[in-house]
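Engineer: Predicted model, plus sequence, below.
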Amino acid sequence: MLGSPRSVRRRPKGVAVRPDAVRGARLEKGLSLADVAGGDVTRAAIHLVETGKMRPSMRTLELIARRTGRPVSYFMAGQQGSEEQQASRDELARLVDSGAYAEAVALGGRLLDDGVEAGIEADVRFGMGRALVRSIDGGQALGHLARARQLYERLGDAWMVAHVMEQQATAMFLVEDPRTLTVALEALDRCERLEPPAPTLYAGVLNLVANVHLRGHDWHNAARFFEMGLTACEALVSLRMAARLHDGLGVARQRLGDFSGALRSAERAFALYAVDADPTGLIRAENNLGYVLLRQGELEAAAGHLYRALELCDEHDVQRRGRAHVLNSIGELHLAREEPGLAHVHLLHALEVAAAMGERDSEALARHLLGSACVQLGDEDSADTWFTGAMDLLSQIDLPERLRACATEYAELLYRQGRLEESITCWRIAAGADARPAVMSSPVVLRSSRAGA
């Protein structure tokens with residue numbers, strides 16, 4: 001019978017959306033109906049949604065959101081506040097995308113002070129969190145991102161929850177929170193369960209997980225996750241993401257002793273960054289490629305890339321990030337060339353920049369290399385100061401691999417000077433898996449012994 005429940009196909013009612021928002025978001029991105037539909041739905045279906053003749057399913061709405069780079073809540077009817085608030089929310093997103101982070105945070109603060117509905121607040125909090133993360137202010141970003149996640153969970157926007165978790169993990173990475181890996185793996189799990197999938201987000205989270213392992217000197221797992229990210233990127237047109245993954249993989253391979261593989265990855269990252277025209281990435285790629293060549297003994301080729309990295313720092317006024325790292329690499333280049341005077345000049349500059357920016361790992365490396373430069377210059381008293389200062393700092397920031405390298409070099413210097421007891425102390429530090437307690441006291445012993453010599 002026609003009226004029988006079994007004979008009637010019940011279709012989902014769909015999600016109430018703002019049709020003009022769907023069309024506007026598509027046009028702002030310069031996408032056609034086919035671009036948004038992809039191979040997942042028909043162009044006609046997107047057209048019907050845009051004209052208000054059909055309500056999309058949540059799956060289709062998530063697809064539209066993903067393709068247009070908007071949160072699901074942006075399109076939903078009845079949750080978006082006034083037109084003025086919507087316009088301000090859209091302006092905030094534009095400011096973040098254009099790099100005007102301070103302006104974005106200020107605009108978000110004004111919106112929150114005025115009071116907004118849940119959908120707008122979620123988007124504003126997420127936008128402010130993104131701006132602060134990109135400003136390298138992970139501490140302030142975390143509060144906004146936690147609130148955004150809570151709101152998106154309440155709104156049932158699984159895709160945006162995964163995006164927020166990726167930003168949360170990134171903010172935690174910036175402040176060196178020990179829970180970073182846990183949250184990043186949770187974000188990875190969320191990405192794997194998204195339907196339809198989000199390959200760009202998935203690749204980004206894999207890159208973050210790999211960098212957490214890289215920071216922890218777990219080179220094997222770092223390489224594994226970078227490779228997984230590159231596999232996920234195969235279906236994407238994302239030069240910048242592929243460049244970052246090749247960049248990180250090159251560093252991991254270098255640490256594993258695979259210099260030919262490191263060189264291939266560094267060259268690939270360099271080529272991709274050059275096409276993408278990302279100055280920060282290109283600086284990093286020039287530096288990494290130059291450093292791999294340096295480690296392989298190709299000093300002239302290395303010099304071209306390292307000095308080009310420094311030129312790019314000047315051209316783009318890069319003071320906060322990258323400069324100290326590049327200056328350290330150039331200092332190491334001049335040490336390899338046995339030009340300690342030039343090395344000393346660049347390393348002092350690196351130390352100044354690193355200290356001003358709070359980049360303690362770069363500061364520690366500059367101190368270590370300054371010790372090496374002073375040895376080549378024959379200034380062993382100054383070498384004492386630089387080596388012990390480097391060991392002190394390396395013990396505080398828990399970088400055992402660099403600590404072992406520094407302690408080994410200093411132990412050899414002490415042995416040549418006939419300071420056998422101090423040399424043995426440094427050898428013990430170099431050999432220890434956790435040398436922190438010894439290092440914290442050793443500089444005092446070493447300095448007092450030298451003073452009484």
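Structural biologist: Received the coordinates, thanks. Just so we're clear, the structure is a prediction, and the values are computed from it rather than from any experiment. Residues are numbered from 1 along each chain as shown.

Engineer: Could you check how far residue 295 is from residue 255?
Structural biologist: From residue 295 across to residue 255, the span is 11 Å (C-beta to C-beta, to the nearest Å). Quick note: C-beta positions are derived from backbone N, CA and C, even for glycine.

Engineer: Just checking, which helix or strand of this protein averages the lowest pLDDT?
Structural biologist: helix 436-451 (a mean of 35; mean pLDDT, DSSP states H and E).

Engineer: what does the model give the closest residue to residue 138 other than its chain neighbours for pLDDT?
Structural biologist: Leaving aside its chain neighbours, residue 138 sits nearest to residue 174 (3.2 Å; criterion: C-beta to C-beta, 6 or more residues apart in numbering). For residue 174, the pLDDT comes out at 88.

Engineer: Just to check, residue 174 is in contact with residue 134?
Structural biologist: No: contact between residue 174 and residue 134 fails when scored by C-beta atoms under 8 Å: they sit 10.2 Å apart.

Engineer: In terms of packing, which of the two has more residues around it?
Structural biologist: residue 174 (18 against 15; other C-beta atoms under 10 Å).

Engineer: How much space separates that one from residue 114?
Structural biologist: 29 Å.

Engineer: One more: residue 324?
Structural biologist: From residue 324 to residue 114 the distance is 41 Å (C-beta to C-beta).

Engineer: Looking at those two, which has the bigger crowd around it?
Structural biologist: More neighbours surround residue 324 than the other of residue 324 and residue 114, with 27 against 12 (other C-beta under 10 Å).

Engineer: Need the three-state assignment for that one.
Structural biologist: Three-state assignment for residue 324 (DSSP: H, G, I helix; E, B strand; the rest coil): helix.

Engineer: show me what contacts it?
Structural biologist: 350-351, 353-354, 357, 359, 362-363, 366 (C-beta atoms under 8 Å, 6 or more residues apart in numbering).

Engineer: got a winner among the residues you listed for most neighbours?
Structural biologist: Counting by other C-beta under 10 Å, top hit in the contacts of residue 324: residue 366 with 30 neighbours.

Engineer: pLDDT at that one, what is it?
Structural biologist: On the pLDDT scale, residue 366 gets 96.

Engineer: residues in contact with the helix or strand hosting it?
Structural biologist: Applying DSSP states H and E as the criterion places residue 366 in helix 360-377. For helix 360-377, the external contacting residues (C-beta under 8 Å, 6+ apart) are 324-325, 327-328, 331-332, 335, 338, 340-341, 343-344, 347-348, 350-351, 353-355, 380, 382-384, 386-387, 389-390, 393-394, 396-397, 399, 402, 405-406, 409-410, 413.

Engineer: and whichever helix or strand comes after that helix with helix 360-377, angle?
Structural biologist: Under the assignment DSSP H and E, the closest C-terminal helix or strand after helix 360-377 is helix 380-396. Helix 380-396 runs at 160 degrees relative to helix 360-377, counting by axes from the mean of the first three to the mean of the last three C-alpha atoms, to 10 degrees.

Engineer: What backbone torsions are found at residue 417?
Structural biologist: Main-chain torsions, residue 417, degrees, to the nearest 10: phi -80, psi -10.

Engineer: swap in the one 10 residues further on?
Structural biologist: Dihedral angles of residue 427 (phi, psi; degrees, to the nearest 10) stand at phi -60, psi -40.

Engineer: related to what we said a few turns ago, in the helix holding residue 366, what's buried?
Structural biologist: Neighbour-count burial for helix 360-377, with 16 or more other C-beta atoms under 10 Å as criterion, is recorded at 361-376.

Engineer: repeat for stretch 380-395
Structural biologist: So for stretch 380-395, counting by 16+ other C-beta under 10 Å, buried means 382-395.

Engineer: Flag the shaky bits of the stretch 51-200 of the chain, pLDDT-wise.
Structural biologist: 73, 77-81, 196 (pLDDT under 70).

Engineer: can you do 90?
Structural biologist: 51-91, 93-94, 96-100, 113-121, 123, 134-138, 152, 154-160, 174-176, 191-200 (pLDDT under 90).

Engineer: quick one, strands of it?
Structural biologist: Secondary structure of the stretch 51-200 of the chain by DSSP state E, counting those that start in this stretch: no strands are present.

Engineer: residue ranges of the helices in it, please?
Structural biologist: Secondary structure of the stretch 51-200 of the chain (DSSP state H, counting those that start in this stretch): helices at 58-68, 83-98, 101-114, 118-134, 138-155, 158-174, 180-192, 199-215.

Engineer: Residue 269: which of the ones you listed is closest?
Structural biologist: If you check each of these against residue 269 by C-beta to C-beta, helix 199-215 wins as the nearest, at 12.2 Å.
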